[in-house]
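# pasting the structure only:
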Ligand SMILES: Cc1cc2nc3c(=O)[nH]c(=O)nc-3n(C[C@H](O)[C@H](O)[C@H](O)COP(=O)(O)OP(=O)(O)OC[C@H]3O[C@@H](n4cnc5c(N)ncnc54)[C@H](O)[C@@H]3O)c2cc1C
C-alpha cells in the first residue's frame, strides 16, 4: 500500500507539498482544508464578478525554482520584444522565442506582466514610494519640514541608537526621526496595532532590510544607468521591485489550477475539514481528527507523513499528548494580526494623476494610507493589478484594508458598519465622493500576520519540540510563524519533499528558507513588500 501524507491546509504551502509529492514520490497526498476554497490568504475572493485579492499578491521571486514552477502552470503573456522581462523566459527556460506568449484577451490561463506602482498618501497628498527627493516631494512637504528631516537624518547618522533593539530605533537609524514620523510611523502602527517602540528590530531587519536613504539614492542611479535585467530582479531591493507577474484572475487562479492538477494526478483535497486534534504515538504523529464545518461530524485520518500549514499556536493546542509547559506557554503567547478588506465599487475616484495628456486614472496598484486620522491602512486598486479583476472595466474596484485583532470592536462590526466606516474615511481624506459608491462588500481574513512580538523571541522552544516528531513538517507562513511570502511558503514545502525523497530526516534546511543569506531581503534579494 502506498504511504499517505496528510497535509493540513490548501494554501500555497500545502498545495505545493501535495504537487511535489505526486511529482517526485509514490506518497499519496490528502489535503484537509477548513474552508470551501483553495489558496488560503493567497486566494481570490469574488463578489458579483468582481475579484478581491486579499492584501495584493505580487508573483516574483529570487528563486528560479519558484519562478519556473509558476510559469509552468501559467505562461507569461505576450510582451513586446526587447522588454527586459522576456529575457527571463528566454534564458532560463529555453522557450522558443518565435512563439508568442498567450494573449490575455483570448485565454484565461495567463500571467500578466505588471508594472509596480505604490505611493504613500499623507497630508492629503501623494508621495512616491520609495521616497524620492524630487522637487515635487520638497514642494509637498514644505521647506521647514524638509530642513527638519535633513537635520534629524544627520543627527541619526552622527549618533545612531545603539544597541538597536526596537523597530522605532531601526527606522530612526536609517531615516532619521522626522522622516520616520512622516512616512513610516502611522502606517506601521496601524498594521501592528503596537507602537514601533514595542516591536522587535528583527521585524525591520527581515522585512525592509537594506532600505535606507542611501539605498534609495543608489536605486535611482541604477535605474537611470541600467538597461535590461530580468524578471527575477535579483539585484533589486525588495521594497523597490518594479515589475511582477500576476495571474489574470488574481492569485487564487494559480492555486485553483494547482488544485486541479493535484486531483488529476491522484491527490485528494477534502474541504470543510478543520483539523482539531492530532494523535501522537511516541515520537510520531499517527492521525488527525477533523471536524466538518457544515455537519459537525468528526473524521479521523491516519497517515504516514504530516505537513502542517495551520497556525502553530492551534497545532500545539491540538496535540493529544502532554506538551511541556514552556512550549505551551510560548505557543499560547504567539500573536497574529487579522485583516479586513472593504471592497468598494465606484463610478470613479476623486483623485486623478497628471500626465502629458492631462488628468488620468491613477496607476497605483496600492496606496499606503499614512494619514493618522483614519483607521484604513492601505488601499488596493484592483483595476491596476489586472483589468480582468473587474466585471465592468469602466468602473473602479478598490479594496480598503484594515488591520486589527479578532477580539477588537472593528472585527466585530457588521458589514454595513464597515462599509460605512470605509466610505466615510475615504471621503474624509479626499479619495472618493460618497455618491460614487455603487456597491460594496466585506471580506474578513483571520491570522494574516504572524507577529514578531508576544512570545516570538522564544519561538525556538516550540520549534525544537515539534521537530522531534520525525514524520511532521511545519510549512508556510502561519505553519512556521514566519513572515513568508508565497515563494518562501512554497520553498519550505519543496525542501521538505526534497528531504523525504532523499531519505533525509533533518529539517534544518526547511527552517533555513527565508533566513539564509541567499534568501534574505537584502541588496541581492527580492522577497516581499514593505509591509505585506
Ligand atoms: C496583506 C498580505 C499581502 C501579501 N502579499 C504577498 C505578495 O505580494 N506576494 C507573495 O508572494 N505573498 C504575499 N503574501 C503572503 C502570502 O499570502 C502567504 O505567504 C501565503 O498565502 C502562505 O501560504 P500558506 O499555505 O503557508 O498559508 P495560508 O495561505 O494561510 O493557507 C493556510 C490554509 O490552511 C487552512 N487551515 C488553517 N487551519 C486549518 C485547520 N485547523 N484545518 C484545516 N485547514 C486549516 C486555511 O484555511 C488556509 O487555507 C501576503 C500576505 C498578506 C497577509
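Noted; the coordinates are in hand. On a predicted model such as this, the values are computed, not experimentally measured, just so you know.

# which SSE is residue 18 in?
Applying DSSP states H and E as the criterion places residue 18 in helix 12-24.

# buried ones in that helix, by neighbour count?
With burial defined by 16 or more other CB atoms under 10 Å, the residues of helix 12-24 counted as buried are 12, 13, 14, 15, 16, 17, 18, 19, 20, 21, 22. Where you see a C-beta, it was placed from the backbone N, CA and C, and this is true even at glycine.

# tabulate those (CSV), appending pLDDT.
Supplementary listing: the buried residues of helix 12-24 in CSV, determined by pLDDT from 0 to 100:
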residue, pLDDT
12, 98
13, 98
14, 98
15, 98
16, 98
17, 98
18, 98
19, 98
20, 98
21, 98
22, 98
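
# near the ligand, from the residues you listed?
Contacts with the ligand are made by 12, 13, 14 out of the buried residues of helix 12-24, judged by CB under 6 Å from any ligand atom.

# who's in contact with the very next helix or strand once past the helix holding residue 18?
Following the chain from helix 12-24 toward its C-terminal end, the next helix or strand by DSSP H and E is strand 28-32. The contact list for strand 28-32 (CB atoms under 8 Å, 6 or more residues apart in numbering) reads 2-10, 14-15, 17-18, 21-22, 262, 266-270, 273, 275, 288, 290, 301, 303.

# near the ligand, which residues of the stretch 51-200 of the chain show up?
Checking the stretch 51-200 of the chain against the ligand by CB under 6 Å from any ligand atom, the hits are 55, 56, 57, 58.

# any idea how the protein splits into domains?
For the chain, the domain assignment from automatic domain parsing gives the residue ranges 4-38+253-334+452-519, 128-220, 336-450.

# redo these as CSV? Include distance to residue 112.
What follows is these, written out as CSV (distance: least, CB to CB, whole Å):
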stretch, distance to residue 112
domain 4-38+253-334+452-519, 11
domain 128-220, 22
domain 336-450, 6
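
# select, out of those domains, the one closest to residue 121.
For those, the distance to residue 121 is smallest for domain 336-450, at 5.2 Å, taking CB to CB.

# get me the contact residues on the stretch 301-450 of the chain for the ligand.
Contact residues, the stretch 301-450 of the chain versus the ligand (CB under 6 Å from any ligand atom): 309, 310, 314, 448, 449.

# so can I have CSV of the residues you listed showing pLDDT?
Below are these laid out as CSV (pLDDT from 0 to 100):
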residue, pLDDT
309, 98
310, 98
314, 98
448, 96
449, 94
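
# just the buried ones from those, in ChimeraX syntax?
The following ChimeraX command selects only the buried members of those, with burial defined by 16+ other CB under 10 Å:
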select :309,310,314,448,449
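
# so where is this structure shaky, pLDDT-wise?
Along the chain, the model assigns pLDDT under 70 to residues 81-99, 205-241, 516-532.

# quick one: contacts of the helix holding residue 18?
When contacts are defined by CB under 8 Å, 6+ apart, helix 12-24 is touched by residues 5, 7-8, 27-29, 31, 33, 38-40, 42, 69, 255, 258-259, 261-262, 265-267, 269, 307, 309, 473, 475-477, 479, 484, 486, 489-490, 492-494, 496-497, 500-501.

# sort out which of these are in strands and list them.
Helix and strand membership here follows DSSP state E; of those, those in strands are 5, 7, 8, 28, 29, 31, 269, 307, 473.

# among the residues of the stretch 301-450 of the chain next to the ligand, which one lies nearest to residue 128?
Taking CB to CB as the measure, residue 128 sits nearest to residue 449 out of these, at 25.4 Å.

# partner residues bridging the closest one?
The residues listed as beta-bridge partners of residue 449 by DSSP bridges are residue 337.

# touching, it and residue 311? I think so.
No - in this structure residue 449 lies outside contact range of residue 311 using CB atoms under 8 Å: 11.4 Å.

# joint contacts of these two?
residue 336.

# buried residues in stretch 352-363, which are they?
Along stretch 352-363, these residues count as buried under the neighbour rule (16+ other CB under 10 Å): residue 362.
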